[in-house]
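[1] here is my input; please provide its structure:
(2 chains)
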Amino acid sequence: MTEILILRSGFDFNGIYGFFDEFMPDSLDWLVFLITSLILAIVIINAVVLSTALLTWFERRLLGRFQSRLGPNRWGPFGLLQPIADLVSLLTKEDTIPEGADKPIFTLAPIVFLAPALIVFSVIPLHGGSFLGNLNVGLIFVIAITSINTLAVFMAGWSSLNKYAMFGAMRAVAMLISYEIPMGITVVAVALVAQTLGLSDVVLAQDIPYILVMPLAFLVFITAASAEMSRTPFDLIESDSELGAGYHTEYSGAKFALLQLTEFMAPIIVAALVTTLFLSGWRGYGPIPGPVWFVIKTFIVLFGFVWIRASWPRLRVDQIMGLAWKGLLPLSIINLFVVAIEVFIFNPGENGLSTTDLWIMTGVNWGVTIIAIFAIFNLLGQSKSERPVPVISPLANMYANTNTVKKITDLAEAE
Amino acid sequence: MPINTQPVTINLGPQHPSTHGVFRLRVTFDGEQVIDVEPVFGYLHRGTEKLAEERNYVQIVTLTDRLDYVAAMTNNLAYVRTVESLTGIEVPERGMYLRVISSELQRIASHLIATGFLLDELGAFHTPLIYCFRERERILEMFEMLCGARITVSYMRPGGVLQDAPTDFWPRLDDFLTSMPGYLDELEGLITENEVVLARTRDLGILSAQDAINASITGPVLRATGVQWDLRKAEPHEVYDRLDFDVPIGSVGDTFDRYYVRIQEIRQSLRMIQQCVAQIEPGPVRSKAPYFIRPDSVDAYVGTESPKGELGFYIVSDGGISPYRMHIRAPSFINLTVLRELLIGWKLADLIVIFGSLDIVVGEVDR
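    Now for the predicted structure:
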């Protein structure tokens, strides 16, 4: 009887629809639908944008701590109002469109970039269910929707008529498409173990968090995801030291604000996904309610992202592609095979895998993970490779014109 | 199916985050690959050599501050040594020690900047850079105690240094010397064993010893190729012959070696300063030299090991109070001569890193 009490969320599409449907005539169903959609849209947009604003503050403060400086601390308590100041600053800037740019696409790109990020949030289960209720193809939906941002980045880079932006866009297309594949394969493994494609059901199936059951999948997913959102060490889309700004070189004002907003939203989405898929979502212990657990876990993942950003340099284009195809793809396939074999052996029925099965899988998978990581590290790693011992080149003799040694003895004698 | 491609020409700079000031590279790319590089400079030309012809020998010290503006002390040292060689002015013992201490501190500061910006160009989000700047800040504070200025120090004069170090300078220096090795270990822990740094810098932009000597490259870039050449050993000046130090060299001549030689040189500089602190004795710091110096000799060239390489001043005198002609052999400028050969064939990201590992300062390139 130790089953954790799971509160089903009432605040989702069906709940709101039902609330309005009660006192509205049947002929106005379309209006109810519209009202419900609008309410959900307003809630999602505000929640996500506000948490993104909070994240920008969090990230900058944290980077400040990592870099032994203060970070934003002037505006509001602990600098909490800094995002608002940034927003006002950006919105009051002139919104320029470069001459010769493809205007419709240039204008559309930030919107195409932002919309999928917001849509993804409608299916992430915060508390029993997501805003859209229990979508039974949540995993596929997420993978499909997040792929759209590749297109947006390319639109932005292409339409700017700027060579730097074009470089960033071309890199984006190559990289983002490559990393979709290992990410997709890991998600398949998750779906196999959970025996479902619905995100809430994945959480419900996690009697043991999948980070323990499938550590390899977690590592591959988090690496591929940080490449998907192009953060360090995979931030070559807008590598500031090489391309200046990359695909958004020509953007300014409100459009730039939208692009930046989405870029800072991406870690939240990925952290929320990682929480859902690997950290058992809203489930927790004690009297603390589910959404709080969800936020705590998300913030731990975000902290990891900021930490990585603060300490890692960037990989080169070919190395990033190499990592995707030579490192992550084999690892994700190994993980999928191992998990598939295990699931085949345990042969779960209607109720899914039991806790004992999951513990056995945990033991096996940790062994596989350690071996696989070691193998890949030895194949692709750099720090093991030997370097020749420095040999003084015979081309120059530094001591040819000196009598240094003699002078030192002279000094000693004089004393 | 054959795909029609065409090379893209991009102007990297003069306004670019990684060109160390206002340097400009006109680069032609085939996709991401560099197929041609044409450096364009002169955006920071201030006519230092011409200006020197209208100032007297003491006033020119302030001009030299603005050459390599992250290593003003060694610029001063190189210039005043040339003037002393031209006129035969003697420098008192304590003045020489103070010169060595301050210029080795400057070398540490300059190498810290080189390392920090190299990592910044590798894409590390400013963390190593700010760690480097934190330590450099302490050096600049010590310079402030010495002469009141942090960057444009003008500390040295023909015949010694401006003034003796204040008494509270020495505890600060001791504190720096004891804590700096720990900070260097911390920095190396962040960088030297980092998988990404190694993948990005090893075997990248290899310069052979032969090519380096043919292009008369000096400084850490030359030493990274395995050529052990340091003017502090080859032509010991000031008190360098009384100090025990090694000249670190690299094994391959790649970007990693250029970085690592600098880190090792910082450790050697710390060793030198420690010995100087132990050896220095009270005494005058500046000999009596007239404000208006009228040299007897006609010309003099003296090369000094600056953080970037051999910084040489060639001064021709007609017996007046200002040089007839002054020429500066700027190591940053001459180290750039191999740039084209180093960069061709590498990718855009490597271009930035190789360029950064040469560690140029545009103030010195354009003069």
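
[2] where's the residue in the stretch 101-250 of chain A positioned nearest to chain B, which helix or strand?
    Nearest to chain B in the stretch 101-250 of chain A, going by CB to the nearest CB, is residue A:241, at a distance of 4.6 Å. Glycine gets a C-beta too; all of them are placed from N, C-alpha and C. Using DSSP states H and E, residue A:241 falls within helix A:240-243.

[3] tell me the mean pLDDT for that helix?
    On average, the pLDDT along helix A:240-243 is 76.

[4] chain center to that helix: distance?
    21 Å (CA atoms, centre = their mean, to the nearest Å).

[5] tell me what the helix ranked longest in chain B is packed against?
    Secondary structure assigned by DSSP state H gives helix B:93-122 as the longest helix of chain B. Where contact means 3 or more CB pairs under 8 Å, 6 or more residues apart in numbering or on different chains; DSSP states H and E, helix B:93-122 is packed against helix A:240-243, helix B:72-87, helix B:127-147, strand B:160-161, helix B:169-191, helix B:195-201, helix B:255-279, helix B:348-357.

[6] what's the mean pLDDT across that helix?
    Per-residue scores along helix B:93-122 average to 89.

[7] what angle do helix B:169-191 and it make with each other?
    The directions of helix B:93-122 and helix B:169-191 differ by 30 degrees, with axes from the mean of the first three to the mean of the last three CA atoms, to 10 degrees as the criterion.

[8] tell me what the helix holding residue A:241 is packed against?
    helix A:163-194, helix B:93-122, helix B:348-357.

[9] 10 Å - rerun?
    If you count contacts as 3 or more CB pairs under 10 Å, 6 or more residues apart in numbering or on different chains; DSSP states H and E, helix A:240-243 packs onto helix A:163-194, strand B:8-12, helix B:93-122, helix B:348-357.

[10] can you list those in JSON lines and add mean neighbour count and distance to residue B:147?
    Formatted as JSON lines, the helices and strands packed on helix A:240-243 follow (neighbours: other CB atoms under 10 Å in any protein chain shown; distance: least, CB to CB, whole Å):
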{"stretch": "helix A:163-194", "mean neighbour count": "22", "distance to residue B:147": "42"}
{"stretch": "strand B:8-12", "mean neighbour count": "17", "distance to residue B:147": "37"}
{"stretch": "helix B:93-122", "mean neighbour count": "25", "distance to residue B:147": "9"}
{"stretch": "helix B:348-357", "mean neighbour count": "26", "distance to residue B:147": "30"}
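
[11] can you pull out the low-pLDDT segments for the stretch 251-400 of chain A?
    Along the stretch 251-400 of chain A, the model assigns pLDDT under 70 to residues A:381-385.

[12] which bits of it sit near chain B?
    A:306, A:308-320, A:322-323, A:377, A:380-385, A:387-400 (CB under 10 Å from any CB of the partner chain).

[13] mind listing what residue 53 touches?
    Here I'm looking at chain A. By CB atoms under 10 Å, 6 or more residues apart in numbering or on different chains, the contact list for residue A:53 reads A:80-84, A:86-87, A:261, A:264.

[14] should've been chain B
    Residues near residue B:53 by CB under 10 Å, 6+ apart: B:47, B:60, B:316, B:320, B:322-326.

[15] now it. Its backbone dihedrals?
    Backbone torsions of residue B:53, given as degrees, to the nearest 10, read phi -70, psi -10.

[16] same question for residue B:311.
    Per degrees, to the nearest 10, the backbone of residue B:311 is at phi -100, psi 110.

[17] same question for the one 10 residues further on.
    The phi and psi torsions at residue B:321 (degrees, to the nearest 10) take the values phi -80, psi -10.

[18] right, and it touches residue B:87 too?
    No. If you go by CB atoms under 10 Å, residue B:321 and residue B:87 don't touch, sitting 11.8 Å apart.

[19] those two: which is more packed in?
    Under the criterion of other CB atoms under 10 Å in any protein chain shown, the comparison of residue B:321 against residue B:87 puts residue B:87 first, with 20 against 16.

[20] per-residue confidence for the more buried one?
    Looking at residue B:87, its pLDDT stands at 86.

[21] ok, for it, nearest residue in space, not its chain neighbours?
    Nearest residue to residue B:87, sequence neighbours excluded (CB to CB, 6 or more residues apart in numbering or on different chains): residue B:295, at 4.7 Å.

[22] turn the helices and strands packed on helix B:93-122 into JSON lines, including distance to residue B:289.
    Shown next, in JSON lines, are the helices and strands packed on helix B:93-122 (distance: least, CB to CB, whole Å):
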{"stretch": "helix A:240-243", "distance to residue B:289": "46"}
{"stretch": "helix B:72-87", "distance to residue B:289": "8"}
{"stretch": "helix B:127-147", "distance to residue B:289": "18"}
{"stretch": "strand B:160-161", "distance to residue B:289": "8"}
{"stretch": "helix B:169-191", "distance to residue B:289": "24"}
{"stretch": "helix B:195-201", "distance to residue B:289": "46"}
{"stretch": "helix B:255-279", "distance to residue B:289": "23"}
{"stretch": "helix B:348-357", "distance to residue B:289": "40"}
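
[23] of these, give the one that comes closest to residue A:353.
    helix B:195-201 (35.5 Å; CB to CB).

[24] ok, residues contacting the next helix or strand after the closest one?
    Following helix B:195-201 in sequence order, the next helix or strand is helix B:209-214 (DSSP H and E). Outside of helix B:209-214, the residues within contact range by CB under 10 Å, 6+ apart are A:392-396, B:208, B:217-218, B:221-227, B:229, B:249-250, B:253, B:335, B:337-338, B:341-342.

[25] how far does the following helix or strand past helix B:209-214 sit from the chain's center?
    Sequence order places helix B:220-223 as the next helix or strand after helix B:209-214, per DSSP H and E. Centroid separation for helix B:220-223 versus its chain: 12 Å, with CA atoms, centre = their mean.

[26] helix B:220-223 vs chain A: in contact?
    Yes. Judged by CB under 10 Å from any CB, helix B:220-223 and chain A are in contact via B:222-223.

[27] and the helix or strand just after that helix, which residues are buried?
    The helix or strand immediately downstream of helix B:220-223 is helix B:231-234, counting by DSSP H and E. With burial defined by 16 or more other CB atoms under 10 Å in any protein chain shown, the residues of helix B:231-234 counted as buried are B:231-234.

[28] same list, the residues you listed, but only the ones touching chain A.
    B:231-234.

[29] leaving out chain neighbours, which residue sits closest to residue A:226?
    In space, residue A:226 is closest to residue A:234, 6.1 Å off (CB to CB, 6+ apart).

[30] which residues does the one you found contact?
    If you count contacts by CB under 10 Å, 6+ apart, residue A:234 has them with A:175-176, A:179, A:223-228, A:312, A:314-315, A:319-320, A:323-324, B:123.

[31] my guess is residue A:124 contacts residue A:146, does it?
    No. The criterion here is CB under 10 Å, and residue A:124 misses it with residue A:146 at 11.7 Å.
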